[in-house]
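J.: Here's my sequence, what's the structure:
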Amino acid sequence: MNDHTDHDAIVLAGGAARRLGGADKPALPVGGRALLDRVLAACPGAAVSVVVGPARPTVRPVVQALEDPPGGGPLAALDAGLRHTTAPTVLVLSADLPFLTAGTVRALLEAAAAGGDPSRDGALLRDAEGRDQPLVAAYRSAPLRRALDRLRTAHGTLTGLPLRPLLSALALVRVPDPTSTASFDCDTWEDLGTARARIREHGHVLDEWITAVKAELGIDLDVDTAALLDLARDAAHGVARPAAPLTTFLIGYAAGRQDRDVAELSRQIGALAERWAAEAAAEEAAAARAAGSGGPADEARPAE
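T.: Presented below is the predicted three-dimensional model:
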């Protein structure tokens, strides 16, 4: 464990998924990536990521945990996950959030920190309809552990207890999710279909695809999609259509091998494409002038 990292992550990936006919919900794909992997990708800064539930393959390394008894409910699962964490703040996330982003995670962590306000025990997301989302949250570990201990003492167990008593025992700030996007979860096949359709909508599909490709290749490379598309257009127009995909491939290769910025490389090669196109245009203009005068093209060129 890295004691210098200020947060860990616990992903609750148990549950019977009754409305999905008992399917392994965290393993279901959206955009070619398992729901669980999408959630894990949203918290890359966690020192330790604990997945509570049956063991499953994941793209990134995790600590596997299981509540005792299995299927003991969210508080029992949370307690089991906490036993594997040491950071002062812990993210608590359900495993079925296809649109959770690193930006939302940062907002939760910042709200939970609140400049070190000791009266604040954490932060959770609140959706557009005003509903609290305790499984899209960042909690300070110490008060969370104390609250769980008090509930265990009062009830003799955490098994089967709902989340509501835990929330009422903590001082939490609400972070708004005005479009209910980050808090959207997949409880039914209809929800899953909605998620799969949304990632293919115009305005989302390219970013989703690039993210999926990077995850599949195991690379963490910033990609300026707009810059690369502009470059591909210039290469196709100024050189030849097959130049577009080959050029963007070479940009990515150079960025990875030379540890250079994709946007900077795109500008550099974009300028090359412009020079290439300008040269071709000059040749075409010279040929047109020569054809109009009846002389050879070389005679129509200006002196160098």
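
J.: Would you mind giving the secondary structure of I10?
T.: Three-state assignment for I10 (DSSP: H, G, I helix; E, B strand; the rest coil): strand.

J.: isn't it right up against D79?
T.: No: look at I10 against D79 with C-beta atoms under 8 Å: they stay out of range, at 9.9 Å. The C-beta positions use only the backbone N, C-alpha and C, and glycine is treated the same way.

J.: more crowded one of those two?
T.: Using other C-beta atoms under 10 Å as the criterion, I10 and D79 rank with I10 on top: 28 against 23.

J.: From A95, how far out is the residue lying closest to the more buried one once chain neighbours are set aside?
T.: Excluding its sequence neighbours, the residue lying closest to I10 (C-beta to C-beta, 6 or more residues apart in numbering) is G81, at 3.6 Å. As for G81, its distance to A95 is 12 Å (criterion: C-beta to C-beta, to the nearest Å).

J.: what do you get for L78?
T.: For L78, the distance to A95 - C-beta to C-beta - is 13 Å.

J.: what do those two both touch?
T.: Common contacts of L78 and A95, defined by C-beta atoms under 8 Å, 6 or more residues apart in numbering, comprise L12.

J.: So which of these two has more stuff around it?
T.: Using other C-beta under 10 Å as the criterion, L78 and A95 rank with A95 on top: 27 against 23.

J.: In the chain, spot the strand with the most residues.
T.: Of all segments of type strand in the chain, defined using DSSP state E, the longest is strand 132-140.

J.: what helices or strands is that strand leaning on?
T.: strand 89-94, helix 102-113, strand 122-126, helix 164-168, strand 172-176 (3 or more C-beta pairs under 8 Å, 6 or more residues apart in numbering; DSSP states H and E).

J.: give me the low-pLDDT residue ranges for the stretch 151-300 of the chain?
T.: For the stretch 151-300 of the chain, applying pLDDT under 70 flags the ranges 294-300.

J.: how about 50 then?
T.: 299-300 (pLDDT under 50).

J.: likewise the stretch 1-150 of the chain?
T.: In the predicted model, the stretch 1-150 of the chain carries pLDDT under 50 at residues 1-4.

J.: What ranges does it have for its helices?
T.: Using DSSP state H, counting those that start in this stretch, the helices of the stretch 1-150 of the chain run over residues 35-41, 74-82, 102-113, 141-155.

J.: looking at those, which is closest to V173?
T.: Closest to V173 of these is helix 102-113 (C-beta to C-beta; 5.1 Å).

J.: Could I have the CA atoms of the closest one written out in CSV?
T.: The C-alpha trace of helix 102-113 is given here as CSV (Å, rounded to 0.1, in the frame of the first residue of the first chain):
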residue,chain,number,x,y,z
ALA,A,102,-12.7,10.8,-13.0
GLY,A,103,-14.1,14.3,-12.9
THR,A,104,-17.0,13.3,-10.7
VAL,A,105,-14.7,11.3,-8.4
ARG,A,106,-12.4,14.4,-8.0
ALA,A,107,-15.4,16.5,-7.2
LEU,A,108,-16.5,14.1,-4.4
LEU,A,109,-12.9,13.9,-3.0
GLU,A,110,-12.6,17.7,-3.0
ALA,A,111,-16.0,18.1,-1.3
ALA,A,112,-15.1,15.5,1.3
ALA,A,113,-11.8,17.2,2.1
